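>>> Fold the following for me, if possible:
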Amino acid sequence: MNVFITFFILTISIPISATTYNVLDFGAKGDGITLDTEAVQKAIDACTSQGGGKVVIPSGKTVLVGTIYLKDFVTLHIENGAVLLGSPNYQDYTTDTHKNTYKNEPHMDRCLIFARNAKSFSIEGYGTIDGNGFPRNFAKAKGGRPMLMRFLNSEDIRLKDITLINPASWTSAWLYCHEIVVDGIKIISRVNHNGDGLDFDGCTNVRVSNSSFDTSDDSICLQTSKPDKPCKDIVITNCVFTSKWAGMRIGLASRGDFESVTVSNCTFHDIQDSGFKIQMNEGGEMKNMLFSNIVMKNVPRPIFMTFCQQRAGVDAPQEVLPMKAMHGFIFNNMIADNRELDKNAAIFITGMPNHYISNIQLNNIQFTVSGGGTKEDANKTDLKEYTLETLGNWWPEFKKVGTLPASGIYARHVDGLVITNFSLQTITKDDRPPIVYKDVLHVRQQNIFLNKKEISNSISK
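I've put the predicted structure just below:
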């Protein structure tokens with residue numbers, strides 16, 4: 001009997017796991033009303049000070065916080081049925097969380113979850129991080145709109161199985177980070193403006209898979225706001241995108257280089273701007289990208305590529321930077337169904353005079369459009385160039401040129417374009433040619449079909 005009592009006492013005195021830190025044990029109430037920032041931060045600090053482990057937001061609890069700081073070797077585990085809820089008070093978000101790197105947007109400098117110079121940390125679990133970012137809580141006129149997450153100069157980061165909802169601005173900004181895995185997450189960011197999903201700025205070795213995006217701005221962005229911080233070795237696969245703007249944007253902020261990007265086995269639907277929006281503006285070089293096995297529905301511009309000059313970043317010099325190069329893109333095995341949209345649905349690729357996008361392949365593409373283009377549309381020759389005079393102080397958007405003189409593909413200022421096995425179907429009559437080239441050098445096209453009939457020529461203007 002004495003042996004049993006001794007064993008029982010020893011058993012109950014040992015914690016379940018010396019590396020698990022439940023935020024309730026550090027004073028969090030978890031009632032969704034009391035501000036629990038201090039308690040959550042104490043749990044994170046204790047975890048990292050002991051060499052790492054798991055900080056737990058337990059099931060059935062809503063933990064309300066302002067800005068918290070993730071640190072080395074910490075896994076923030078949000079259990080199924082748990083919510084980490086952002087405070088509705090802008091003053092609960094600190095000012096030492098770096099900044100938004102785009103010009104004219106300091107109202108998005110603050111954030112809910114931040115890490116700086118951290119290594120080997122993660123956010124996981126089947127629970128939810130809710131930014132509580134409704135306009136009634138956050139607006140530019142009310143002080144600002146904090147991002148949900150921002151990670152700076154960090155490495156070995158995992159984001160897994162989590163649901164991220166209701167950010168007041170972007171869902172996440174990853175600045176100059178290395179070795180990132182995002183898997184099995186869901187993002188819904190529709191309650192406020194500029195609700196980007198995953199924004200990777202100057203990041204390397206990035207893998208995003210098995211995730212879904214429903215965003216009020218670009219779902220995934222690749223950017224380079226520093227000349228010495230390239231964005232390269234990026235793999236995105238098995239994802240579903242819907243967005244008020246672009247499914248995936250590469251560039252715009254583009255002072256550094258972009259290289260080695262693959263996107264595969266993804267579906268895009270009900271996107272208001274573009275599927276792949278690829279834009280080189282600020283002096284970097286962009287090359288070697290492959291997009292394959294893609295299905296799109298109701299995506300006005302399945303591919304929208306621009307090469308021009310525009311200042312995008314807050315730290316970029318005021319003078320525009322010289323243009324380098326944009327080359328090496330392959331689009332393979334795509335189905336795009338835009339029969340429910342208007343006549344302004346086409347693939348649009350444009351460089352600038354004497355600054356070509358080069359070496360592009362479009363292979364095995366089935367494209368359905370509504371039709372409706374007129375003879376006047378077909379004869380249109382006054383499409384504006386994406387020059388500084390045309391753009392002014394804003395981005396190279398499609399609205400700068402409007403209706404295209406082609407029903408399927410319009411390519412301008414391109415050197416080296418291969419189009420094979422391209423099939424275009426127009427639901428109603430369209431008086432525009434399916435493909436139009438303007439200042440396109442070294443073209444090869446083969447097996448081009450319009451409404452199931454093979455055609456052998458296109459229009460050059």
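>>> Surely Asp430 touches Ala346?
No: Asp430 lies out of contact with Ala346 (Cβ atoms under 8 Å); the separation is 10.5 Å. The C-beta positions use only the backbone N, C-alpha and C, and glycine is treated the same way.
>>> what do those two both touch?
The contact sets of Asp430 and Ala346 overlap at Val369, Ser407 (Cβ atoms under 8 Å, 6 or more residues apart in numbering).
>>> domains for this protein, by residue range?
19-217, 220-229+246-461 (automatic domain parsing).
>>> what about the first one, average pLDDT?
In this model, domain 19-217 has an average pLDDT of 98.
>>> Pull out the buried residues from the longest strand seen in the chain.
As assigned by DSSP state E, the longest strand anywhere in the chain is strand 409-426. Using 16 or more other Cβ atoms under 10 Å as the test for burial, strand 409-426 gives 409-417, 419, 421-426.
>>> Counting neighbours, go ahead and name the busier of Asp430 and Ala346.
Ala346 (29 against 23; other Cβ atoms under 10 Å).
>>> which SS class is the closest residue in space to that one that isn't next to it in sequence?
Distance criterion Cβ to Cβ, 6 or more residues apart in numbering; nearest residue to Ala346, sequence neighbours excluded, is Leu404 at 5.3 Å. Following DSSP: H, G, I helix; E, B strand; the rest coil, Leu404 is assigned to coil.
>>> Was I right to think Leu404 contacts Tyr410?
Yes: using Cβ under 8 Å, Leu404 is in contact with Tyr410, at 4.4 Å.
>>> Overlap of the contact sets of these two?
Ala346, Phe348, Val436.
>>> Kindly provide the distance from the residue minimising distance to the centre of the chain to Gln310.
Nearest to the geometric centre of the chain sits Ile220, at 1.2 Å (Cα atoms, centre = their mean). Applying Cβ to Cβ, to the nearest Å, the value for Ile220 to Gln310 is 21 Å.
>>> tell me the SS of Ala336?
From three-state DSSP, the assignment for Ala336 is strand.
>>> Any idea what it is bridged to?
Met296, Phe367 (DSSP bridges).
>>> isn't Asp92 right next to Glu38, touching?
No: in this structure Asp92 lies outside contact range of Glu38 using Cβ under 8 Å: 11.0 Å.
>>> more neighbours, these two?
With neighbours defined as other Cβ under 10 Å, Asp92 and Glu38 compare such that Asp92 has more, 17 against 14.
>>> which residue sits closest to the more buried one in space, ignoring its chain neighbours?
Gly66 (2.9 Å).
>>> So which other helices or strands are in contact with the helix or strand hosting Leu290?
Per DSSP states H and E: Leu290 is located in strand 285-297. Applying 3 or more Cβ pairs under 8 Å, 6 or more residues apart in numbering; DSSP states H and E, we find strand 285-297 packed against strand 246-254, strand 258-271, strand 274-280, strand 325-338.
>>> could you dump those to JSON lines with mean neighbour count?
Listed next are these as JSON lines, based on neighbours: other Cβ atoms under 10 Å:
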{"stretch": "strand 246-254", "mean neighbour count": "27"}
{"stretch": "strand 258-271", "mean neighbour count": "20"}
{"stretch": "strand 274-280", "mean neighbour count": "26"}
{"stretch": "strand 325-338", "mean neighbour count": "20"}
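>>> so can I have TSV of those strands showing mean pLDDT and distance to Gln318?
Output for those, formatted as TSV (pLDDT from 0 to 100; distance: least, Cβ to Cβ, whole Å):
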stretch	mean pLDDT	distance to Gln318
strand 246-254	97	16
strand 258-271	98	23
strand 274-280	98	19
strand 325-338	98	23
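>>> for the stretch 301-450 of the chain, what spans make up the helices?
Under the criterion DSSP state H, counting those that start in this stretch, the stretch 301-450 of the chain carries helices at the ranges 375-378, 388-391.
>>> Mean neighbour count, distance to Lys140 and mean pLDDT added to those helices, as JSON lines?
What follows is those, written out as JSON lines (neighbours: other Cβ atoms under 10 Å; distance: least, Cβ to Cβ, whole Å; pLDDT from 0 to 100):
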{"stretch": "helix 375-378", "mean neighbour count": "14", "distance to Lys140": "38", "mean pLDDT": "97"}
{"stretch": "helix 388-391", "mean neighbour count": "13", "distance to Lys140": "23", "mean pLDDT": "86"}
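>>> for the ones you listed, which one sits closest to Ser264?
Of all the helices of the stretch 301-450 of the chain, helix 388-391 sits nearest to Ser264, with 32.3 Å by Cβ to Cβ.
>>> Give me the contact list for the closest one.
So helix 388-391 is contacted by Cys308, Gln309, Gln310, Val320, Lys384, Lys400 (Cβ under 8 Å, 6+ apart).
>>> Determine which two of the residues you listed are furthest apart.
Val320 and Lys384 (17.5 Å).
>>> Which one's more surrounded, those two?
Taking neighbours as other Cβ under 10 Å, Val320 and Lys384 compare with Val320 leading, 15 against 11.
>>> Can you pull out the low-pLDDT segments for the stretch 351-461 of the chain?
The model of the stretch 351-461 of the chain has pLDDT under 70 over residues 457-458, 461.
>>> do you know how far Lys452 is from Gly373?
19 Å.
>>> Mind checking which of the two has more residues around it?
Remark: of Lys452 and Gly373, Gly373 carries more neighbours, 25 against 8, as counted by other Cβ under 10 Å.
>>> close enough to count as contact, the more buried one and Thr428?
No: using Cβ under 8 Å, Gly373 is not in contact with Thr428, being 9.5 Å away.
>>> hang on, the earlier thing: which of the shared contacts of Leu404 and Tyr410 fall in strands?
Phe348, Val436.
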